[in-house]
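In: sequence and predicted structure are below.
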Amino acid sequence: MLNRNPNGDYPNVDETSYVDPTAVIIGNISIEKNVFVGPGAVIRADELGSSVDIKDNCNVQDRVIVHALESSSVTVRENTSLSHGCIVHGPCIISKNCFIGFGSVVFKANIGDRVCVKHLAVVEGVDVPAGRIIESGKAIINSNDALDLKYTSEEIKD
């Protein structure tokens, strides 16, 4: 379901992308080429000055929530997967080739390229350097937490 927000902004979805009929897409949203948006996903830019940009080849799975606060944006860069039930709340940037695991929460964060956030993790208010892994259940809520992260293994990268 594609809807205007209270400001009259309407989503823009590339014709090569698939949006499941049960997904809800509201407002100033750009969904670029070859994006999959699964059942029950909610992508909202319904507050004044908010926007969401989902770049090429992304995978937004079942029950994912992406929301941008007033005067903020969410950017999900190319080849990134937002897995089942995760929440991505703006302002934030998720860079290229990332994975956000089942039920994880990303809020007010900048995630570098090739970061793997495993399941049920929380990433809030930090910049996560490229190529790192956040293990399941971890809370990364300050810069020291982010700097202490291990690099992603070749197995996880694959």
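Out: The structure has been received and is ready for your questions.
In: distance of the closest residue to residue 92 other than its chain neighbours relative to residue 143?
Out: Using Cβ to Cβ, 6 or more residues apart in numbering and skipping residues adjacent in sequence, the residue nearest residue 92 is residue 109, 5.0 Å away. Yep, even glycine has a C-beta here, placed from its N, CA and C like the rest. Here the criterion is Cβ to Cβ, to the nearest Å. By it, residue 109 lies 11 Å from residue 143.
In: ok, the two, which is more surrounded?
Out: residue 109 (24 against 12; other Cβ atoms under 10 Å).
In: show me what contacts the more buried one?
Out: 92, 93, 123, 124, 125, 126, 127, 128 (Cβ atoms under 8 Å, 6 or more residues apart in numbering).
In: which of those count as buried?
Out: Among these, those scoring as buried are 92, 93, 123, 124, 126, 128 (criterion: 16 or more other Cβ atoms under 10 Å).
In: who's the first one bridged to?
Out: For residue 92, the beta-bridge partners are residue 74 (DSSP bridges).
In: residue 38: neighbouring residues, count only.
Out: 19.
In: for it, phi and psi?
Out: Here is the backbone geometry of residue 38 (degrees, to the nearest 10): phi -80, psi 180.
In: now it: how far from residue 143?
Out: For residue 38 relative to residue 143 (Cβ to Cβ), the value is 33 Å.
In: joint contacts of residue 109 and residue 143?
Out: With Cβ under 8 Å, 6+ apart, residue 109 and residue 143 have common neighbours 126, 127.
In: residue 144 sits in which helix or strand?
Out: Using DSSP states H and E, residue 144 maps to helix 143-147.
In: and that helix, what's buried?
Out: 145, 146.
In: which elements pack onto that helix?
Out: Applying 3 or more Cβ pairs under 8 Å, 6 or more residues apart in numbering; DSSP states H and E, one finds that helix 143-147 makes contact with strand 127-128.
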